[in-house]
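Colleague: take a look and give me a structure for this.
(2 chains)
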2 protein chains.
Amino acid sequence: MSDKLVFAADIGGTTVKLGLFRADGTLLDKWEIPTRTLQDGKHILPDVAASIREKMDREGIAPQQVAGIGFGVPGPVDENHVAIHGCDNLGWGRVPVKGDMNALLPEIPNVVAGNDANVAALGEAWLGSGKGYRNSVLFTLGTGVGGGVIIDGRIVPGRNGAAGELGHMLVKPDETVPCGCGKCGCLEQYASATGMARLAREALAACDTPSPLRDLDNVTAKDVCDHARAGDGLANEILDRFADYLARGMSFASCTVDPEVIMVGGGVSRAGDTLLEPVRRHFRKYAYHPCVDTPILAAQLGNDAGIYGCAAMVLGI
Amino acid sequence: MSDKLVFAADIGGTTVKLGLFRADGTLLDKWEIPTRTLQDGKHILPDVAASIREKMDREGIAPQQVAGIGFGVPGPVDENHVAIHGCDNLGWGRVPVKGDMNALLPEIPNVVAGNDANVAALGEAWLGSGKGYRNSVLFTLGTGVGGGVIIDGRIVPGRNGAAGELGHMLVKPDETVPCGCGKCGCLEQYASATGMARLAREALAACDTPSPLRDLDNVTAKDVCDHARAGDGLANEILDRFADYLARGMSFASCTVDPEVIMVGGGVSRAGDTLLEPVRRHFRKYAYHPCVDTPILAAQLGNDAGIYGCAAMVLGI
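Modeller: Numbering: from 1, shown residues only, chains lettered A, B, ... in the order given. Reported below is the predicted structural model:
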């Protein structure tokens, strides 16, 4: 296997990120193609197949050199590599990713697929901040909150493809504003980019404390993190509330699987230790006592985590 | 392996439950010996070894017929089958269960050990209410709340031996009374036998609603369940609060690993559907929407779950 090559395709709502890896994890090449979601997204897999075939032709890669293709898709995936009950932002209904790809690229029969957030967790566990650990949990903080759980080096997909849906754990039982999922008090309502902006609006409205945040029209998560790092008191208070909720969610995952490491990815995680230091402090408060020192680390692979994870699935890492 | 025999030893604070299994899961014999905790519990493993040897002698079992011995211990266990940082109620410090047993019974070299709550979860997953499922979570409701997580048919032990410590998830952030662990608002403070008794005391003090519970000196969890089943309104309200908190904890485990089945064991679970029906109703409210129909089932093996799980560990089920 060690001289084999692996293709990776991380399908997002706007672009498909593609990668070509050596089996040792070396990323040889990466590129993107647009995600064509028109006509129920029926062009997406043919576009990926054509792009991979073009790459093979141009680089002189023979099919027998290729160990397989790994896919990340933005929705739940069953154990037969079928995207189930809708990747809504692709226009997909039920799409048998492996079956369709086998018809499109029969010369590369080994095709595997996983949920994009879970696959990103596997990528980080393989060669990112989880490297060297067999058991880890990733919290992905973006517009929403997602994640993935890796046990014994493998993705835990879950009965309904919903393992690692860490954004929908109840962290504020007295919440009255509903989450996008319909429940109230979900982690995602606070520990996402939109959640941080909301916490900022609430904090600014609730007090008269001077803060440079008051000069901004729309306070973003980045604004809060930047001003917190610069020492603004109110920005630090907002960040502290964000960190408190996130740490509650982390403590739930910790009591369930007690991972070796908890990783934090997604756009908001770029704030680094400005964000993670208060998270670690609150985690010590909420975690069961043997687990208070579980490392909480920033993810390292950024937007490439998905393609790394796709390759890792193929390689059975 | 199929004609082999397996010994199981589930060590509790008062008794050691022992079992002799066929590899197909048939329980051939079970018995108990006292747990002698004096002198830092140094007699416990020699007593188990003597009892197993006596059983082998009496039944004419040759060492080569025995696939191994599985242990459940009331504390965390590392991957080398060492009981770590203290099984306090045994008097143990660090005890290398496998190493000690290999010295005591060298003719049966295959010795494995796990945490008792995790081992019970494996037993239920093997031949109890989780039979046929590869991924399950057990909530054990006794004096406290424990549990175990089974992924792909194996115990998830956790970095600190604390996976499945489901009783210490925060379910009531505004709680001011501390849990035994030092934190406030842990699931164990409500969804245990002692928690039910506390909820009953609080409910009785907070209202004047007539109830036969008022005639009792000390209301126990069993009293609440019995009177709820008999139709008492206040008992049903108490049970409903208990179920609400338990369902919160279940929803956290569900978002993390999305198990195929959630099992409920321990003494309190004897209430059966009187307890589980409100739990299912509240779970539908708290679970992420793809997971609302996850089966929530009463455990089936009772106090034997531990010895079943010990045997399953040996057999690599």
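Colleague: all strands for chain A, in order.
Modeller: Secondary structure of chain A (DSSP state E): strands located at A:5-11, A:15-22, A:27-34, A:66-73, A:82-83, A:95-96, A:111-115, A:136-141, A:145-151, A:154-155, A:261-265, A:296-298.
Colleague: does chain B have contacts with the fourth one?
Modeller: No - contact of strand A:66-73 with chain B (C-beta under 8 Å from any C-beta of the partner chain) is absent, the minimum separation being 15.2 Å. Any C-beta I mention is one placed from the backbone N, CA and C, and that applies to glycine too.
Colleague: what's the spacing between A:Ile296 and chain B?
Modeller: Applying C-beta to the nearest C-beta, to the nearest Å, the value for A:Ile296 to chain B is 13 Å.
Colleague: okay, now that residue: neighbour count?
Modeller: For A:Ile296, the neighbour count with other C-beta atoms under 10 Å in any protein chain shown is 21.
Colleague: closest to B:Val6 out of the strands of chain A?
Modeller: strand A:145-151 (25.2 Å; C-beta to C-beta).
Colleague: list the helices and strands that closest one packs on?
Modeller: If you count contacts as 3 or more C-beta pairs under 8 Å, 6 or more residues apart in numbering or on different chains; DSSP states H and E, strand A:145-151 packs onto helix A:116-127, strand A:136-141, helix A:233-257.
Colleague: if we go to 7 Å?
Modeller: helix A:116-127, strand A:136-141 (3 or more C-beta pairs under 7 Å, 6 or more residues apart in numbering or on different chains; DSSP states H and E).
Colleague: quick one: mean pLDDT over the longest one.
Modeller: For helix A:116-127, mean pLDDT is 97.
Colleague: tell me the pLDDT at A:Thr194?
Modeller: pLDDT at A:Thr194 comes out at 94.
Colleague: ok, A:Val82 next?
Modeller: So A:Val82 comes in at 89 (pLDDT).
Colleague: contacts only, for it.
Modeller: A:94-97 (C-beta atoms under 7 Å, 6 or more residues apart in numbering or on different chains).
Colleague: ok so, going back, save the strands of chain A as TSV, and put in distance to A:Ala243 too.
Modeller: TSV is the format used below for these (distance: least, C-beta to C-beta, whole Å):
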stretch	distance to A:Ala243
strand A:5-11	29
strand A:15-22	30
strand A:27-34	32
strand A:66-73	28
strand A:82-83	34
strand A:95-96	38
strand A:111-115	26
strand A:136-141	11
strand A:145-151	13
strand A:154-155	27
strand A:261-265	10
strand A:296-298	10
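Colleague: hey, least reliable of these by pLDDT?
Modeller: Across these, strand A:82-83 gives the lowest mean pLDDT, at a mean of 90.
Colleague: looking at the helices and strands packed on strand A:145-151, which is nearest to chain B?
Modeller: strand A:136-141 (7.6 Å; C-beta to the nearest C-beta).
Colleague: and the stretch 151-300 of chain A, which of its residues are near chain B?
Modeller: Counting by C-beta under 7 Å from any C-beta of the partner chain, the stretch 151-300 of chain A comes close to chain B at A:151, A:156, A:158-160, A:162-163, A:165-166, A:168-170, A:173, A:181-182, A:248, A:251-253, A:255-260, A:286, A:288-291, A:294.
Colleague: how about the residue nearest the centre of chain A, nearest residue that isn't a chain neighbour?
Modeller: Centroid-nearest residue in chain A: A:Ala117, 3.6 Å away (criterion: C-alpha atoms, centre = their mean). Spatial nearest neighbour of A:Ala117, chain neighbours left out: A:Gly146 (3.7 Å); criterion: C-beta to C-beta, 6 or more residues apart in numbering or on different chains.
Colleague: then A:Ala193?
Modeller: A:Ala221 (4.2 Å).
Colleague: is it true that the residue nearest to the centre of chain A touches A:Gly148?
Modeller: Yes - contact criterion C-beta atoms under 7 Å: A:Ala117 and A:Gly148 qualify, at 5.3 Å.
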